[in-house]
Every structure is written in structure tokens, then in C-alpha cells.
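Novice: Quick one: sequence and predicted model below, then my questions.
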Amino acid sequence: MIEVKNATLQYTTFKRSQGLKGVMHDFFKRSVIQVEALSDISLTINEGEMIGLIGRNGAGKTTLIKLLTGILPLRQGEIKIDQMLPYQREKVFLKNIGVLLGQRSQLIWDLPAIDTYDMLAAIYELPKQMYNARLTWLSEQLEVTELLYIPVRKLSLGQRVKCELIAALLHRPKYLFLDEPTLGLDFVTQKTIYKILRLENQYHKTTIITTSHYIKDIEQLADKVIILNKGKIIFNDKLEQLPKELTTEILFDIDFLNSKSVEKNLTCAPDKLNEILAKIPAERILRVSQRGMELEELILQFIKGDSI
Ligand SMILES: Nc1ncnc2c1ncn2[C@@H]1O[C@H](COP(=O)(O)OP(=O)(O)OP(=O)(O)O)[C@@H](O)[C@H]1O
């Protein structure tokens, strides 16, 4: 179980002054500023849950993942995973977690992925038979069996991410942390990744925590969602539970021609429809259609509602 109680994290950084004079000033006397990336976060994640961690740029998602995986130390509050403190990075803790961070690579760049896997199998003390069976299964599911013997630097982005995922899953971690796992990947590769993660969760009860800006990732990989806004949790539940009063579920799409006869479209809530239609000459309106709000719009509306 993951338990976070009143976690606050501030980064200490320096204010940069502009111009040559500013650079000289900073050289002798730098002004320290504190950036509060997370403030008073509390949450519980049970074993086997699939959690989507979402929020705008700078909301604190990566910081939370770094704290949960022990990459960053926590000075205020408490984080425990199965009663262990992540930053102590005990051997049992490390065996229990798998991490895939979009911008960081676990694989050794100049060597084939198989060499990294052999090394990881030794570090995690995987019995040979289990290692072989697991590697065969994962590489077949992710369709990379042939690629394991090619130096990582020669792989495409999608091929590399799939190999990274094997590195994160090889030791069958209880907790898997994924930061932007499908960034820049094509549709087919995304679907393959969704499939394997769902299988891991289904068969091994793996707890999976995913941060993503792609709503498709959240739909596919999350049963529950945590929305962060400016370092605070503003929602932590199943998506169906988003408060209805903050969201408009019906939207109208208006397709029209502008003065240069270029096709444009606008989207609005029911209460704004008449006002908008009154501003567009009737002959320029091509069509008005009604639809339900997409998940992405719903979340955006929710975040906006909170920040007012
Ligand atoms: N090493 C650092 N030093 C100083 N400030 C930092 C550092 N890392 C992050 N921050 C700041 O902390 C806040 C939260 O950053 P974080 O990377 O956790 O956000 P995020 O939700 O993951 O954003 P994104 O979606 O853009 O990846 C931001 O204001 C960011 O500028």
C-alpha cells in the first residue's frame, strides 16, 4: 500500500538577473527562491489499483513520482510504501518497484538491450529460469524479440520505449511508475503498451501509476484519477465522480465560414449558443451539432473551475 501524509516539497532555486550587470550581481550575491512543487499532499493507493496522475505543466506530477520512487528525499510529511520509506531505497523496496521515466533511460546506450537485462537480472537476483521465461514472454508480447541484440542507440523511439518497459517489468515489480510512457509513440505502439500493462495488472495485481498528458493513456491505464493543480490534489477518485456542478456535459460545435470563406469552428456550452449564433451571419453557418463533452474537456473544465 502507498501512503502519503501531508507531503510538501519545495525546490530551492536561484533568481537569475538580466544583463551583464545582473550576471555580475548574481556572481557575488544570488537571490534564493523557493518553488513549492507539492503542498500538503495526502493520498492512499491500494495494491492492484491503476492510477492516472494528471495536471497541467508544472502541477507537480513528476515531483510526486520522484518522491514515491525515492529519487528525491522528502523533508516535510511522510511517504511509506509497504511501510518502507522510499528514499532509504532498501533492497526489498527496489525489488518491489519498476520505473519508466520518459526522459531517462535505464538501458545502456551502446550495448544491446539484452546486456542491460542480464545485468538487471543479476541485480534483482532473478532465478535463471524465471528470467528467461519472463524475458521471452515480455519480448514476444511487445514484439521486440529480434531487437534485443541490436545496440540501443540504433533503435527507433518506439522500439526503445518498449525495451525500456521490459527493463522496468523484468523483475515483476509490485508497483510500477510510468512518467509519460507513450510520449511520441505511434498508435500501434501505444496500444501494445496498453495491452501489456493491463495484462500485468490483471495477472500479477501490479499497482500502476501513470502520469500523462494523453487522455487516451488515462482512459486505458487508469481506473482512478488524481488531478494535481499547482501542487495540490484537487480530485482523487473515479472519473465518473467529477462533480457535475463544475462541468457542462453538453457542448455545441458550430461550423461556419469567416469573411474570407475559410471554414472555422467554435465550441460552446448551451447557455452561450444563442449569443454566439447571433454574431455570425446566418448564411455563413454551415452546421450546428450537439455532442457530449469529451473527457479531456471535462478535466480542463474541472481544473479551471478549481482555480477560479
Ligand atoms: N529541480 C528543480 N529545481 C527547481 N524547481 C523545480 C525543479 N523541478 C521542478 N521544479 C518546479 O516544480 C514545479 C513542479 O514541477 P514538476 O516537474 O513536478 O511538474 P509536472 O506536473 O511534472 O510538469 P510537466 O507536465 O511539465 O512535466 C514546477 O514549478 C517546476 O518548475
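Specialist: Done, it's in. Numbers count the residues shown, from 1 in each chain.

Novice: need the contact list for I81.
Specialist: The contact partners of I81, by Cβ atoms under 8 Å, 6 or more residues apart in numbering, come to 1-3, 68, 93, 96-97, 175. C-beta coordinates here come from the backbone N, C-alpha and C atoms, glycine included.

Novice: Drop anything exposed from those.
Specialist: 2, 68, 93, 96-97, 175 (16 or more other Cβ atoms under 10 Å).

Novice: Which ones among those lie within strands?
Specialist: 2, 97, 175 (DSSP state E).

Novice: Including distance to K21, could the residues you listed go into TSV?
Specialist: As requested, those are exported to TSV (distance: Cβ to Cβ, whole Å):
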residue	distance to K21
I2	49
I97	48
Y175	50
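
Novice: of all those residues, which comes closest to the ligand?
Specialist: Using Cβ to the nearest ligand atom, the shortest approach to the ligand within those belongs to I2, at 17.4 Å.

Novice: On the pLDDT front, check the nearest residue to the closest one once chain neighbours are set aside for me.
Specialist: Spatially, and ignoring its direct neighbours in sequence, I2 is nearest to I45 (4.0 Å; Cβ to Cβ, 6 or more residues apart in numbering). pLDDT recorded at I45 is 96.

Novice: I'd say I45 and L64 touch.
Specialist: No. Assessed by Cβ atoms under 8 Å, I45 is found out of contact with L64, at 11.1 Å.

Novice: Those two: which is more packed in?
Specialist: In terms of neighbours (other Cβ atoms under 10 Å), L64 is the more surrounded of I45 and L64; the figures are 29 against 21.

Novice: What sits closest to the more buried one if chain neighbours are left out?
Specialist: Spatial nearest neighbour of L64, chain neighbours left out: L38 (6.2 Å); criterion: Cβ to Cβ, 6+ apart.

Novice: what's near enough to touch the one you found?
Specialist: 7-9, 60, 63-64, 67, 231.

Novice: gap between the residue nearest to the spatial centre of the chain and D110?
Specialist: Relative to the mean C-alpha position of the chain, the nearest C-alpha, by Cα atoms, centre = their mean, is the one of T211, at 1.2 Å. T211 sits 29 Å away from D110, taking Cβ to Cβ, to the nearest Å as the criterion.

Novice: just L147 next, same as before
Specialist: L147 sits 15 Å away from D110, going by Cβ to Cβ.

Novice: Can you pull out the low-pLDDT segments for the stretch 151-300 of the chain?
Specialist: Within the stretch 151-300 of the chain, the ranges that satisfy pLDDT under 70 run 242-249, 293-295.

Novice: what about the strands in it?
Specialist: 175-179, 207-211, 224-229, 232-237, 250-257, 263-268, 285-292 (DSSP state E, counting those that start in this stretch).

Novice: for the fifth one, packing partners?
Specialist: Right, strand 250-257. Judged by 3 or more Cβ pairs under 8 Å, 6 or more residues apart in numbering; DSSP states H and E, strand 250-257 is in contact with strand 263-268, helix 273-279, strand 285-292.

Novice: Domains in this protein, by residue range?
Specialist: Split into domains by automatic domain parsing, the chain comes to 46-240, 244-307.

Novice: Just say which of these is most tucked in.
Specialist: domain 46-240 (a mean of 17; mean count of other Cβ atoms under 10 Å).

Novice: now the lengthiest helix in the chain and strand 207-211, what's the angle there?
Specialist: Across the chain, the helix with the greatest residue count (assigned by DSSP state H) is helix 187-204. Counting by axes from the mean of the first three to the mean of the last three Cα atoms, to 10 degrees, helix 187-204 lies at 150 degrees to strand 207-211.
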